[in-house]
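> Here is my input, please return the structure:
(one chain, ligands or ions: 2)
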Amino acid sequence: MAKASANFTCTGCGAVHRKWSGRCDACGAWNSIVEEAPLSTGPAGKSLGGAKGRRIDLTTLAHEEAPPPRTLSGMAEFDRVLGGGLVPASAILVGGDPGIGKSTLLLQAVAAFARKGLKCLYISGEEASAQVRMRALRLGLADAPVSLGAETNLRDILTTLEAERPDLVVIDSIQTMWADMVEAAPGSVSQVRAAAHELVSFAKSRGVSVILVGHVTKEGQIAGPRVVEHMVDTVLYFEGERGHQFRILRAVKNRFGPASEIGVFEMTGGGLAEVANPSALFLSERGQPAPGSAVFAGIEGTRPVLTEIQALVAPSSLASPRRTVVGLDSGRVSTILAVLESRCGIPFAGLDVFLNVAGGLKVLEPAADLALAAALLSAREDVALPADLVIFGEISLSAALRPVGQAENRLKEAEKLGFSQAILPVGTKLEGGAGMALRKLPDLVTFVGDMFGAG
Ligand code: TYD
Ligand code: MG
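Numbers count the residues shown, from 1 in each chain. Ligands and ions are numbered 1, 2, ... in the order given. Coordinates of the predicted model:
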């Protein structure tokens, strides 16, 4: 009979070792390995130990329950990212870099929900109550009926929640929470995991919605909200460039709505202001048509968003020239550079390439390929594209242009913003006649010939 052996787990990185040692091989931390009791496997040592379980109730797929009653905060951008309002007993993680504005956003959101009649609690583990009250005053939220607590002890927080039974609680942040049953420093993976697990279980069993704030470092480690992602229903990331006033709340996972939905906010002295028309905002800094700029008609979640892709191409003094990419997938950029070189005969060797999406939005759709190529070519040839032109389409490795979804929505948005011509892939299906001059092209070689007279 094999005796189940104990596991030794590193409290820093979660790696499992067969025996104790002073230093974790996986993360290099000292004195971080603790013994964990093995899972009980019953007397026979077989899985489940032969004991019988209860037979579970099975149902059909047919729809029986009414959809969950959702509460709207009235902050339309926030509600949209949640998938159309807050679902009761849901667990939400809001991640983002320190200082990006998470506490501000959630204080505004919790106040909005409280004003809609939800019983709301805001627990800060990072700031003293006085600090949060000062922020609330600055944001004009001092009169919102939110109960405020400053605490990091998870046991005390759970006891309070049990007594208060709120509809919604915000925990700012999960890294500061400290569960006394786990012997590890606050912010370590085991603490974060334990605290998140306790809070999410509480949310599910008591019908309380919980929003967890999580810090992400640039490397995406240490802070460790990644381990929390699979425990919660919804994962939102709050992103933006420091020094830019735009902030984007992006749903990367949502059990109650479409993922990849975005909400756009603008930072102001009085807090985050909603941006109802992001395209107009992202294009607002566009001046006269300049070489290296192309307007991409994109889709973010369920709505069209126009963005300006900017490229700069300059002779390089480096043996391996620079490829600096902000807001686009750098793997995609390399692929398109390779396609331009080998299929269109336009070399980028010996040239530094800089690419950027104006306004700080991340554009990850393959539909951006053609606009990206257009910006690169326009910069390289020093020829400006027409100011009223939008572009979209995916580029295949053979340089063919592939149609992309929701072409109509993209064109409609462009038309609304005053664009009058579009370049798109030849197979694009359009139901109605667009009110714009459309140029449908089969491949990148034709595009280069058309736009730049090379080919
Ligand atoms: P904060 O919400 O504390 O960021 P986080 O919780 O993500 O660390 O915001 C950081 C700072 O920015 C804070 O000093 C307040 C300021 N700020 C504004 O002045 N206006 C705004 O609209 C936002 C979002 C932040
Ligand atoms: Mg904060």
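> Go through stretch 117-137 and flag the buried ones.
118-126, 132, 135-136 (16 or more other Cβ atoms under 10 Å). Bear in mind the C-beta positions are built from the backbone N, C-alpha and C, glycine included.
> For that stretch, which outside residues touch it?
Residues from elsewhere that reach stretch 117-137 (Cβ atoms under 8 Å, 6 or more residues apart in numbering): 71, 86, 103-104, 106-107, 110-111, 113-114, 142, 144-152, 157, 160-161, 164-173, 176-177.
> coming back round to it: sitting in strands, which of the buried residues of stretch 117-137 do you find?
Secondary structure from DSSP state E places 120-124 of the buried residues of stretch 117-137 in strands.
> Tell me which two of those sit farthest apart.
Within those, C120 and S124 form the most distant pair, 13.3 Å apart (Cβ to Cβ).
> How much space separates the residue in the chain positioned nearest to ligand 1 from Q245?
Going by Cβ to the nearest ligand atom, ligand 1 is nearest to G101 of the chain, at 2.8 Å. G101 sits 10 Å away from Q245, going by Cβ to Cβ, to the nearest Å.
> intersection of neighbour lists for those two?
By Cβ under 8 Å, 6+ apart, the residues touching both G101 and Q245 are M267.
> Please identify the buried residues of the lengthiest strand in the chain?
For the chain, the strand with the greatest residue count under DSSP E is strand 303-315. Residues of strand 303-315 classed as buried: 303-313 (neighbour count, 16+ other Cβ under 10 Å).
> I figured F452 hits V383, correct?
Yes - if you go by Cβ atoms under 8 Å, F452 and V383 touch, sitting 6.1 Å apart.
> Between these two, which has more neighbouring residues?
F452 (17 against 14; other Cβ atoms under 10 Å).
> for that one, what are its contacts?
F452 makes contacts with 377, 381, 383, as judged by Cβ under 8 Å, 6+ apart.
> can we see that at 6 Å?
Neighbour list for F452: 377, 381 [criterion: Cβ atoms under 6 Å, 6 or more residues apart in numbering].
> just K102 next, same as before
Neighbour list for K102: 94, 96, 213, 238 [criterion: Cβ under 6 Å, 6+ apart].
> show me the contacts for L272.
Neighbouring residues of L272 by Cβ under 6 Å, 6+ apart: 105, 265.
> Check which residues of the helix or strand hosting it are buried.
L272 belongs to strand 271-274 when assigned by DSSP states H and E. Across strand 271-274, burial judged by 16+ other Cβ under 10 Å covers 271-272.
> Tell me the buried residues in the helix or strand following that strand?
Next along the chain after strand 271-274, taking DSSP H and E as the criterion, comes helix 278-283. Residues of helix 278-283 classed as buried by neighbour count (16+ other Cβ under 10 Å): 278-279, 281-283.
> Packing partners of helix 278-283?
strand 303-315 (3 or more Cβ pairs under 6 Å, 6 or more residues apart in numbering; DSSP states H and E).
> one more time with 8 Å, if that's ok
With contacts defined as 3 or more Cβ pairs under 8 Å, 6 or more residues apart in numbering; DSSP states H and E, helix 278-283 has these neighbours: strand 262-268, strand 303-315.
> Next, format those as JSON lines and append mean pLDDT and distance to ligand 1.
Below are the helices and strands packed on helix 278-283 laid out as JSON lines (pLDDT from 0 to 100; distance: least, Cβ to the nearest ligand atom, whole Å):
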{"stretch": "strand 262-268", "mean pLDDT": "92", "distance to ligand 1": "4"}
{"stretch": "strand 303-315", "mean pLDDT": "94", "distance to ligand 1": "21"}
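> okay, these in a markdown table with distance to V333 next?
Output for the helices and strands packed on helix 278-283, formatted as a markdown table (distance: least, Cβ to Cβ, whole Å):
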| stretch | distance to V333 |
| --- | --- |
| strand 262-268 | 22 |
| strand 303-315 | 10 |
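> Many thanks, we can stop here.
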